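> Starting from these lines, generate the structure:
(2 chains)
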2 protein chains.
Amino acid sequence: VRIRLELSYDGTHYHGWQRQAPGQPTIQSELEGALAKLLNEPIRVVGSGRTDAGVHAVRQTAHFTTTRDPSRYNMLRALGGLLPKDIVVRQAYQAPDDFHSLFSAECKTYRYLIQTTRLPPTFRRHYVYWMDRRPSLNALNAICSTLLGTHDFKSFQTGGSEVESTTRTIKALRFVRREASLIEFRITGTGFLKQMVRNIVGTCLYLERNNLGPAEMQEILQARDRRAAKDTAPPQGLYLWRVFYPENLDKKCRKI
Amino acid sequence: VRIRLELSYDGTHYHGWQRQAPGQPTIQSELEGALAKLLNEPIRVVGSGRTDAGVHAVRQTAHFTTTRDPSRYNMLRALGGLLPKDIVVRQAYQAPDDFHSLFSAECKTYRYLIQTTRLPPTFRRHYVYWMDRRPSLNALNAICSTLLGTHDFKSFQTGGSEVESTTRTIKALRFVRREASLIEFRITGTGFLKQMVRNIVGTCLYLERNNLGPAEMQEILQARDRRAAKDTAPPQGLYLWRVFYPENLDKKCRKI
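Now for the predicted structure:
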């Protein structure tokens, strides 16, 4: 039986999503450990994609297969007792056999939070990127809009990742003010390269700070070279917000 | 020279405000250590009062005296570099010699946050008390209003504390809805006994849950016995919000 999970996690204390060497806690390994204990069989979980160390998820999607009858378990409540408090499974579905959290994903939304106050945050220090200046939203939006559409995003890919193609489609992106001193960057696309969102945010902030604009962003994009891009924004401001799947697959998922 | 500080802290990783045995980190000991390093002399800090382990402060007030000339230091910036990130000094003042953070305090405001969602919070787990039900605000406000005014609050004092009088004056208190699933309790009074706010919140929630009302709260108050009161709400929802001093003292404090 194939099970689909929707989960949120606080990435602060983890070495990212992806299973690592033993002793390095990751979201995937915690989830697999809890599921194996619950179902009493080895479980391999597939996520919609990786998140880096310190990066959060409001809604990550994952799937696994089990030989057990899922209707025999109160999955959400049982996992709540088995998982650490910073990983929360929010929905569980029995999914069709052709549902694959990675390959079926159509697009993803990320959000990135920037706090702009004179002094650093006390309570949000693991949940926002803090800057002691207030960037211009108009300038940031003019810069980032250059990236809308289908492009080769090689300049925004951090090295060490092997992918066939570095072409992706950005469907929407913009900076909005969420509170007086809190800016939110939202980006939706068909897929994202390694640290692509953090490289885009860091580069937008760098260009805005130096009074550069869309023309320079265009040059960076066309260089297809990581060395052309600028800063990488830190991980703690980044949230995987939602993963989108084809409607016909969603419809075949039944809550358990 | 007497210095007054306003600071915020995330109490999650501390054994409360008050200095303890070595090896037990507290807000006071971290602050004293940072100030001693900055000013190169031993410093004893006096706070407006203690906060328990896990309890937060949005604005705690403290003072200390130093033989150094405070104008020679960029106090906020220097302390920012010396203190851990979960303690942030937000203001520093040169204060009159008769300013005393504990004895001069006229009243204090605390806030207590309660999240009411089906599933537990992922990101706010150290910053709210989570309940999977939605209590009635009207019922809670009817219950808590019994406590308004001057009373002997012995029923709401956790043992192990020796104070001369257990009489205090509550100037204002109420439960308000801050977000769809977030309730905030606000209380202002001339002083608070050990765990008094947490005992009041826990007792209000207990009475509401059991369909009891102001009459039962009145009985508990009049019993003057801790055993009469009910639950103690957990520390992570509690924030010391502000400490108030006489206007003439505030006016004599000069920002440094």
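> avg pLDDT for the longest strand along chain A?
Looking across chain A with DSSP state E, the single longest strand is strand A:167-179. Looking at strand A:167-179 alone, the average pLDDT works out to 97.
> got it, and stretch A:234-250?
Mean predicted confidence for stretch A:234-250 is 98.
> again with stretch A:86-96
Rounded mean pLDDT across stretch A:86-96 is 97.
> Point out the residues in chain A that sit beside chain B.
Selection of chain A residues close to chain B by Cβ under 8 Å from any Cβ of the partner chain yields A:8-10, A:56, A:58, A:76, A:80, A:85-88, A:90, A:119-123, A:125, A:127. Quick note: C-beta positions are derived from backbone N, CA and C, even for glycine.
> do that again at 10 Å, thanks
For chain A, the residues in contact with chain B (Cβ under 10 Å from any Cβ of the partner chain) are A:7-10, A:12, A:56-58, A:76-77, A:80, A:85-91, A:118-127, A:130, A:239.
> Show me which of the residues you listed are buried.
A:7-10, A:12, A:56-58, A:76, A:80, A:86-89, A:91, A:121-127, A:130, A:239 (16 or more other Cβ atoms under 10 Å in any protein chain shown).
> among the residues you listed, which are in strands?
A:7-9, A:56-58, A:87-89, A:91, A:130, A:239.
> now for those, which pair is the farthest apart?
The largest separation in these, counting by Cβ to Cβ, is between A:91 and A:130 at 32.2 Å.
> From chain B, how far out is residue A:176?
19 Å (Cβ to the nearest Cβ, to the nearest Å).
> contacting residues around that residue?
Applying Cβ atoms under 10 Å, 6 or more residues apart in numbering or on different chains to residue A:176 gives the contacts A:111, A:137, A:141, A:182-186.
> same deal with residue A:16?
So residue A:16 contacts A:24-28, A:50-55, A:235 (Cβ under 10 Å, 6+ apart).
> so which strand or helix has residue A:150?
Using DSSP states H and E, the element containing residue A:150 is strand A:149-152.
> Now that strand - C-alpha only, CSV.
The C-alpha trace of strand A:149-152 is given here as CSV (Å, rounded to 0.1, in the frame of the first residue of the first chain):
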residue,chain,number,x,y,z
GLY,A,149,9.6,32.4,-17.0
THR,A,150,11.8,29.6,-18.3
HIS,A,151,15.6,30.1,-18.0
ASP,A,152,18.8,28.2,-17.5
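> you'd agree residue A:35 is up against residue A:41?
Yes - using Cβ atoms under 10 Å, residue A:35 is in contact with residue A:41, at 8.9 Å.
> Could you pull up phi and psi at residue A:218?
For residue A:218, the backbone dihedrals are phi -60, psi -40 (criterion: degrees, to the nearest 10).
> now swap in the one 3 residues further on and tell me
Dihedral angles phi and psi of residue A:221 (degrees, to the nearest 10) take the values phi -60, psi -40.
> Quick one: neighbours of it, just the number.
20 (other Cβ atoms under 10 Å in any protein chain shown).
> What's the separation between it and chain B?
For residue A:221, the distance to chain B - Cβ to the nearest Cβ - is 33 Å.
> For that residue, give me its contacts.
So residue A:221 contacts A:146-147, A:151-156, A:200, A:203, A:228-229 (Cβ under 10 Å, 6+ apart).
> try it again with 6 Å
A:151, A:155 (Cβ atoms under 6 Å, 6 or more residues apart in numbering or on different chains).
> Could you identify the most distant pair in the contacts of residue A:16?
Checking the contacts of residue A:16 with Cβ to Cβ, the most distant pair is A:28 and A:235, at 16.8 Å.
> Return the subset of the contacts of residue A:176 lying in helices.
A:137, A:141 (DSSP state H).
> out of the contacts of residue A:176, which are buried?
Judged by 16+ other Cβ under 10 Å, buried ones among the contacts of residue A:176: A:111, A:141, A:182-186.
> Can you lay out these as JSON lines showing pLDDT?
Below are these laid out as JSON lines (pLDDT from 0 to 100):
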{"residue": "A:111", "pLDDT": "98"}
{"residue": "A:141", "pLDDT": "98"}
{"residue": "A:182", "pLDDT": "98"}
{"residue": "A:183", "pLDDT": "98"}
{"residue": "A:184", "pLDDT": "98"}
{"residue": "A:185", "pLDDT": "98"}
{"residue": "A:186", "pLDDT": "98"}
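> Specify which member of those is nearest to residue B:17.
The closest of the buried ones among the contacts of residue A:176, once distances to residue B:17 are taken by Cβ to Cβ, is residue A:182, at 28.5 Å.
> give the contact list for residue A:51.
A:16-17, A:240.
> partner residues bridging the closest residue to residue A:79 other than its chain neighbours?
Excluding its sequence neighbours, the residue lying closest to residue A:79 (Cβ to Cβ, 6 or more residues apart in numbering or on different chains) is residue A:89, at 4.6 Å. Assessed by DSSP bridges, residue A:89 has beta-bridge partners residue A:7.
> can you check residue A:152 too?
Assigned bridge partners for residue A:152, using DSSP bridges, are residue A:167.
> check contacts around it.
By Cβ under 6 Å, 6+ apart, residue A:152 lies in contact with A:166-167, A:224.
> farthest-separated two in the contacts of residue A:176?
Between any two of the contacts of residue A:176 (Cβ to Cβ), the greatest distance is 16.2 Å, for A:141 and A:182.
> circling back: from the contacts of residue A:176, which ones fall inside strands?
A:111, A:182-186.
> before we move on, the earlier item: specify which residue of residue A:35 and residue A:41 has the higher count of neighbours.
residue A:35 (27 against 10).
> For residue A:163, give its distance to chain B.
30 Å.
> On the three-state scheme, that residue is what?
Following DSSP: H, G, I helix; E, B strand; the rest coil, residue A:163 is assigned to coil.
> And for it, the neighbour number?
Neighbour tally, residue A:163, other Cβ under 10 Å: 12.
> likewise residue A:97?
Applying other Cβ under 10 Å, I find that residue A:97 has 9 neighbouring residues.
> show me the contacts for residue A:229.
A:155-156, A:199, A:203, A:220.
> Highest neighbour count among these?
Neighbour max across those (other Cβ under 10 Å) = residue A:156, 28 neighbours.
> backbone phi and psi for that one, please?
In terms of degrees, to the nearest 10, the main-chain angles of residue A:156 are phi -110, psi 20.
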